[in-house]
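[1] Fold the following, please.
(one chain, ligands or ions: 1)
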Amino acid sequence: MMDILKRPYSLCQDHLDFYSKNKFIKLKNVLDDKSIAHFNNVISKKVSELNSNTISLEQKDTYGKAFIQMMNLWTEDNEIKKLVFSERLGQIASDLMHVDGVRLYHDQALFKEAGGGITPWHADQYYWPLSNDNTITAWIPLQATSLQMGTLEFSARSHQMRAGRDLVIGDESEKILSKKLRVTDFEHVIEPFDIGEVSFHSGWIFHRAGANQTELIRKAFTIIFMDKEMTLKEPENKNQLNDWNTWCPGVKVGEVIGSRLNPITYQIN
Ligand SMILES: O=C(O)CCC(=O)C(=O)O
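    Sure, this is the predicted structure:
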């Protein structure tokens with residue numbers, strides 16, 4: 001059944017050119033109905049098992065309202081590990097970045113509750129102590145995702161903008177970045193996701209998601225890949241320091257990030 005996780009995904013030159021230019025891409029049929037149903041099931045079970053939250057949505061801040069967040073589920077569940085180690089996903093990330101292989105930074109489940117709030121504009125790489133931007137997040141919705149559920153939105157080519165890279169995700173980043181991005185000619189891409197469609201975005205692209213206006217949970221699972229040669233840089237803020245300790249334990253500044261939490265998931269033979 002899970003053959004699809006191993007099967008190569010063929011990317012044409014147009015895909016590669018689109019990604020190079022825009023630093024994100026949405027690809028259809030990366031996974032199929034069966035595999036999505038399966039991972040929806042296993043990931044949902046794991047999230048409910050691990051979720052100890054008792055605070056209601058109303059009591060949460062903007063970040064808390066955006067989603068229930070559970071990290072590195074591959075270390076908790078062997079089925080989820082199959083998805084994270086999927087050759088197909090690793091190959092796509094590797095090809096889009098033009099590198100010889102990728103390793104894991106971390107995975108996470110991002111479940112936007114019914115009535116959950118927006119995910120404010122932000123760029124991920126602000127949080128990461130990584131020496132370059134050869135990073136890609138695969139955002140895998142676990143159901144068909146309508147605009148009303150809060151799909152992932154991108155500001156195409158916005159990696160060119162340096163302003164706003166120092167912003168923590170929150171009310172401020174949403175306010176400042178929506179204003180800044182509005183006066184650029186970067187296209188704001190807001191599209192639904194079909195079942196099996198997956199997006200891939202790089203660390204400096206600005207992105208957000210809308211609120212979940214439905215009665216259903218918007219379930220997404222993300223896998224953050226980096227070039228297998230990625231080295232650790234001196235952290236530039238306390239979030240990067242925290243990420244170093246949490247996601248790359250024991251790695252020294254300047255070294256390739258090869259801790260037990262950062263296995264190579266795909267490489268060209
Ligand atoms: O799922 C979301 O709402 C946001 C996801 C995101 O920002 C990311 O995966 O980088």
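[2] ok, how many other residues are close to the closest residue to the ligand within the stretch 51-200 of the chain?
    Nearest residue of the stretch 51-200 of the chain to the ligand, counting by CB to the nearest ligand atom: residue 119, 3.5 Å away. Backbone N, C-alpha and C define where each C-beta goes, glycine included. Residues near residue 119, counting by other CB atoms under 10 Å, number 25.
[3] What does the pLDDT read for it?
    On pLDDT, residue 119 comes in at 96.
[4] give the contact list for residue 138.
    89, 92-93, 198-200, 222-223, 225 (CB atoms under 8 Å, 6 or more residues apart in numbering).
[5] go on, residue 262?
    Going by CB under 8 Å, 6+ apart, residue 262 touches 103-105, 226, 247-248, 251.
[6] Which of these fall in strands?
    103-105, 226 (DSSP state E).
[7] Show me which residues of the stretch 101-250 of the chain are close to the ligand?
    110, 112, 119, 124, 137, 139, 152, 207, 209, 220, 222 (CB under 6 Å from any ligand atom).
[8] Secondary structure element holding the first one?
    In this structure, residue 110 is located in strand 101-112 according to DSSP states H and E.
[9] Can you list the strands that that strand pairs with?
    strand 68-71 (antiparallel), strand 218-227 (antiparallel), strand 264-267 (antiparallel) (DSSP bridges).
[10] Tell me which of those strands sits most buried.
    Most buried of the strands paired with strand 101-112 by mean neighbour count (mean count of other CB atoms under 10 Å) is strand 218-227; its value is a mean of 25.
[11] what about that strand, distance to the chain center?
    How far strand 218-227 lies from its chain's middle: 4 Å, per CA atoms, centre = their mean, to the nearest Å.
[12] just stretch 57-69 next, same as before
    So, by CA atoms, centre = their mean, the centroid of stretch 57-69 is 18 Å from its chain's centroid.
[13] Can you list the residue ranges for strands in the chain?
    Under DSSP E, the chain gives strands at 24-27, 68-71, 101-112, 119-122, 135-141, 152-155, 188-189, 198-202, 207-209, 218-227, 264-267.
[14] Of all those strands, which one is nearest residue 55?
    For residue 55, the closest of the strands of the chain is strand 68-71, at 10.8 Å, according to CB to CB.
[15] Okay, now the unreliable bits of this protein?
    1 (pLDDT under 70).
[16] Grab the longest helix from it for me.
    Using DSSP state H to define each element, the chain has its longest helix at helix 33-50.
[17] That helix and the ligand, are they touching?
    No: applying CB under 6 Å from any ligand atom, one finds helix 33-50 separated from the ligand by no less than 13.3 Å.
[18] hang on, the earlier thing: including distance to residue 167, could the residues of the stretch 101-250 of the chain next to the ligand go into JSON lines?
    Formatted as JSON lines, these follow (distance: CB to CB, whole Å):
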{"residue": "110", "distance to residue 167": "19"}
{"residue": "112", "distance to residue 167": "21"}
{"residue": "119", "distance to residue 167": "13"}
{"residue": "124", "distance to residue 167": "12"}
{"residue": "137", "distance to residue 167": "18"}
{"residue": "139", "distance to residue 167": "20"}
{"residue": "152", "distance to residue 167": "18"}
{"residue": "207", "distance to residue 167": "13"}
{"residue": "209", "distance to residue 167": "16"}
{"residue": "220", "distance to residue 167": "22"}
{"residue": "222", "distance to residue 167": "20"}
